[in-house]
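have a look at this fold, sequence not included:
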């Protein structure tokens with residue numbers, strides 16, 4: 001998926017590329033990782049699907065959407081190197097994880113595992129299962145920084161699973177959120193299998209960001225968002241289910257095609273607008289037209305590194321302490337210096353995020369990590385270093 005010289009000359013990355021996106025011209029966006037953003041041509045395609053739906057809903061739901069679903073699943077499968085029959089479309093990764101955790105049978109004494117870095121919504125899901133199912137235990141392995149190596153993480157999981165043999169399924173982040181650590185999932189999947197533990201990989205931040213070959217990874221389950229790094233509208237994600245578990249997994253909504261096979265049961269879930277799903281084909285075309293993953297990351301990863309080092313030096317702080325092999329291409333965490341009006345609490349991190357948005361028209365997020373406050377940077381093809389310099393100056397203004 002390498003880009004040609006002609007492609008890159010047509011629309012260079014940076015401010016010229018930003019004009020292709022539906023973004024407020026007066027706002028700086030450094031948080032693509034949360035909600036993504038879509039190019040105008042993908043928005044146009046989304047609107048065309050919506051118009052098709054609205055022009056004749058009966059035709060859409062009874063005929064057209066059947067073909068759209070087939071084509072979209074095929075394209076998504078191609079993108080993540082999966083067999084089409086192992087893949088279903090869901091609205092987001094949280095739904096994907098919930099679908100799996102609420103499908104498996106957990107008996108009294110069984111355990112479900114997350115970590116201290118698990119996404120809060122998924123932490124709540126694990127806790128919910130423990131609250132609702134008598135005798136089921138929610139486990140959360142503590143991971144602290146610095147992380148010295150991938151081996152350290154693998155050993156930590158190995159010891160934890162050995163000490164808690166009741167664990168039946170482990171939710172493992174491919175990229176942790178919001179701490180942005182790239183986990184050694186292939187080794188962790190093998191480890192889970194060794195301990196007879198099902199592996200549910202939460203790849204919310206991975207598609208379009210890190211190369212994927214789901215059949216080769218061979219987890220038990222894998223879910224990923226498409227709206228973050230491959231430019232689809234929101235509410236567009238997938239759930240990959242290992243062939244041996246097809247009969248185990250059911251959608252959260254039971255509808256017309258109950259017990260009619262994996263694909264049918266996930267296809268109809270009430271009168272659902274799937275136009276976001278079907279826009280994937282245009283988003284995928286855009287992704288390839290600008291050069292694909294290698295070309296995109298050559299720009300965005302370099303920018304993320306440059307921005308993170310610039311902020312660290314300007315603020316006299318540090319980066320999150322993880323090995324280079326566990327850094328994500330487009331996301332970095334930089335420690336924020338002490339600020340006059342903000343503590344390192346979660347409440348104050350949210351207040352700081354909102355203040356930068358409302359008063360300075362700059363979108364970024366701040367996260368507390370072990371009694372320190374960090375900014376989580378995202379880099380996208382429309383960003384330039386001057387935008388991170390604006391963040392630098394705002395924080396220096398708010399510095400204690």
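The structure has been received and is ready for your questions. Bear in mind the structure is a predicted one, so any value in this text is a computation, not a measurement.

residue 18 contacts residue 382, correct?
Yes: using Cβ atoms under 8 Å, residue 18 makes contact with residue 382 at a distance of 3.6 Å. The C-beta positions use only the backbone N, C-alpha and C, and glycine is treated the same way.

looking at these two, which is more packed in?
More neighbours sit around residue 382 than around the other of residue 18 and residue 382, counting by other Cβ atoms under 10 Å; the figures are 21 against 18.

is it true that the more buried one touches residue 12?
No: with contact defined as Cβ under 8 Å, residue 382 and residue 12 do not form a contacting pair (10.7 Å).

now do residue 65 against residue 268, distance only.
Separation of residue 65 from residue 268 (Cβ to Cβ, to the nearest Å): 9 Å.

higher neighbour count, those two?
Comparing residue 65 with residue 268 by other Cβ under 10 Å, the one with more neighbours is residue 65, at 23 against 19.

contacting residues for the more buried one?
The neighbours of residue 65, taking Cβ atoms under 8 Å, 6 or more residues apart in numbering as the test, are 274, 278.

could you verify that it is part of a helix?
Yes: checked against DSSP: H, G, I helix; E, B strand; the rest coil, residue 65 lies within a helix.

from residue 249, how far off is it?
Applying Cβ to Cβ, one obtains 22 Å for the distance of residue 65 from residue 249.

check residue 19 too.
In terms of Cβ to Cβ, residue 19 sits 42 Å off from residue 249.

comparing those two, which residue is more hemmed in?
A direct count of neighbours by other Cβ under 10 Å for residue 19 and residue 249 places residue 249 higher, at 20 against 12.

skipping its backbone neighbours, what lies nearest that one in space?
Spatial nearest neighbour of residue 249, chain neighbours left out: residue 103 (4.6 Å); criterion: Cβ to Cβ, 6 or more residues apart in numbering.

what about the one you found, how many residues nearby?
Residue 103 has 15 neighbouring residues, counting by other Cβ under 10 Å.

assign a three-state SS to it, would you?
Classified using three-state DSSP, residue 103 is coil.

just checking, it touches residue 246?
No: between residue 103 and residue 246 no contact is recorded; they are 11.0 Å apart, counting by Cβ under 8 Å.

what's the longest helix in this protein?
Counting residues, the longest helix in the chain under DSSP state H turns out to be helix 292-315.

who are the packing partners of the helix or strand that it is followed by?
Per DSSP states H and E, the first helix or strand lying C-terminal to helix 292-315 is strand 331-335. Strand 331-335 is packed against helix 292-315, strand 372-378, with contacts defined by 3 or more Cβ pairs under 8 Å, 6 or more residues apart in numbering; DSSP states H and E.

pop the domain breakdown of the protein in here.
Here the domain assignment for the chain is 5-30+291-398, 47-284, based on automatic domain parsing.

so which of these is the most packed in?
Mean neighbour counts were compared across the domains of the chain using mean count of other Cβ atoms under 10 Å; the top stretch is domain 47-284, at a mean of 19.

how far does that domain stretch from one end to the other?
From the first residue to the last, domain 47-284 extends over 17 Å; the measure is Cα to Cα, to the nearest Å.

now it: how far from the chain's centre is it?
Its chain's average C-alpha position is 10 Å from that of domain 47-284, according to Cα atoms, centre = their mean, to the nearest Å.

could you list the low-pLDDT ranges of the protein?
Regions of the chain meeting the criterion pLDDT under 70 cover residues 1-9.

show me where it has strands.
Listed in chain order, the strands of the chain (DSSP state E) span residues 28-29, 87-90, 111-115, 137-141, 167-173, 198-203, 221-225, 237-241, 331-335, 362-363, 365-369, 372-378.

tell me how far residue 379 lies from residue 320.
Computed as Cβ to Cβ, the residue 379 to residue 320 distance reads 16 Å.

and if you look at residue 227?
For residue 227, the distance to residue 320 equals 25 Å [Cβ to Cβ].

residue 71 too?
Note on residue 71: its distance to residue 320, by Cβ to Cβ, is 41 Å.

likewise residue 85?
Using Cβ to Cβ, we find residue 85 at a distance of 39 Å from residue 320.

residue 288 too?
Computed with Cβ to Cβ, the distance linking residue 288 and residue 320 is 32 Å.

for the helices and strands packed on strand 331-335, give me JSON lines that also has distance to residue 348.
Conversion of the helices and strands packed on strand 331-335 to JSON lines gives the following (distance: least, Cβ to Cβ, whole Å):
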{"stretch": "helix 292-315", "distance to residue 348": "17"}
{"stretch": "strand 372-378", "distance to residue 348": "8"}
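
residue 40: which of these is closest?
Distance to residue 40, taken as Cβ to Cβ, is lowest for helix 292-315 among the helices and strands packed on strand 331-335, at 17.9 Å.

how far off centre is that closest one?
With Cα atoms, centre = their mean as the basis, the distance from the averaged C-alpha position of helix 292-315 to the chain average is 19 Å.

okay if I get the strands of the chain as TSV plus distance to residue 258?
Formatted as TSV, the entries for the strands of the chain read as follows, by distance: least, Cβ to Cβ, whole Å:
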stretch	distance to residue 258
strand 28-29	42
strand 87-90	15
strand 111-115	25
strand 137-141	29
strand 167-173	23
strand 198-203	23
strand 221-225	20
strand 237-241	17
strand 331-335	40
strand 362-363	42
strand 365-369	40
strand 372-378	40
